[in-house]
Structures are given as C-alpha cells and as structure tokens.
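>>> quick one, structure for this:
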Amino acid sequence: MAGAALLALAVAGGAGGCDAAKEAAGDLVSSATSAVASAAQEKMDEIKDGVNATGDLSAGPTSVDGDRTVATVTAANPLDRTADYAVLVTFRDGGGNFLDTVLLTLDGVPAGAAKSGTARSNRTLDGATTAEITRALRH
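All right, here's what the predicted structure looks like:
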C-alpha cells in the first residue's frame, strides 16, 4: 500500500504540481483513517453479550498531548456489579466532519461508580476538534 501511495504521489506531483500531490496525500490519509475506523468497529463487533451503553458515557473537551488529540471519556456504571466498557470515540472538526475514530476500553468500572480513560487520536489532527461517543457497549 505504501508503494502505491508513493507512486500516486509521484505521478500526481509530475502531472499537476503541488495541488495534485496534496490531493493524493489527502486521499491516502482519508483511506488510512477509514481503515482504522473500520478496524475499531470490527473489534466492537467481536464483543459478545454487550449491551448498548452510550447513555453511561460522556466525552470531555479535547486537548493536544504531544502530536495527538486527546479527550477524557468517563463511564458511569449504573449496575450493582462491576462492568467493562468498549467505547468508539469519534473526533470531528469544527464543521462536524469525521477526522478519526479510536476504540477505548474501560475495564473494571465499579458498581454504582465512574471511571475515566483517555481517548487518543491515531494521528495528528489540525484545528478545533470535538470528541463524541459513537458507540458504547457494556459487558
């Protein structure tokens, strides 16, 4: 895939200059981001006996940590037993456009209590971003 991407960039650079190279690079990043999102979704689909738990979770504001965007995600376990959570967190730009998706697990959330974890983007995200809970399973 990397060889094809380099070939696409070389061809684009020779055919149309910088704009074509930027477009080809953007397409490559978009494709890679989609693949990561798909892999995260597949991991969620592997969970057996999971219950929709998006109402148990909240995502805080985003910030930058090194070269990645991060957000604190909190699970509030309403059950009378310890629960584990698998959470898809989606990062979006100021216009609501998809930027990245990560899978966060919060294990051993005590009964009737809350536990937080950090969702960390897979790549550098530019500009203002928000984090939202796309899907969450309690198991």
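
>>> quick one: neighbours of residue 79, just the number.
For residue 79, the neighbour count with other C-beta atoms under 10 Å is 14. Placement of C-beta: from N, CA and C, glycine included.

>>> cool, and the one 5 residues further on?
Using other C-beta under 10 Å, residue 84 is surrounded by 16 other residues.

>>> contact partners for it?
By C-beta atoms under 8 Å, 6 or more residues apart in numbering, the residues touching residue 84 are 105-109, 138-139.

>>> just the buried members of these?
106, 109, 138 (16 or more other C-beta atoms under 10 Å).

>>> sort out for me which of these are in strands.
Under the assignment DSSP state E, those contribute 106, 109, 138 to strands.

>>> need the contact list for the last one.
The contact partners of residue 138, taken as C-beta under 8 Å, 6+ apart, are 50-53, 56, 75, 77, 79, 83-85.

>>> give me phi/psi at the closest residue to it other than its chain neighbours?
Using C-beta to C-beta, 6 or more residues apart in numbering and skipping the chain neighbours, the partner closest in space to residue 138 is residue 53 (3.7 Å). Residue 53 adopts backbone torsions of phi -130, psi 30, taken as degrees, to the nearest 10.

>>> fine by me, thanks again.
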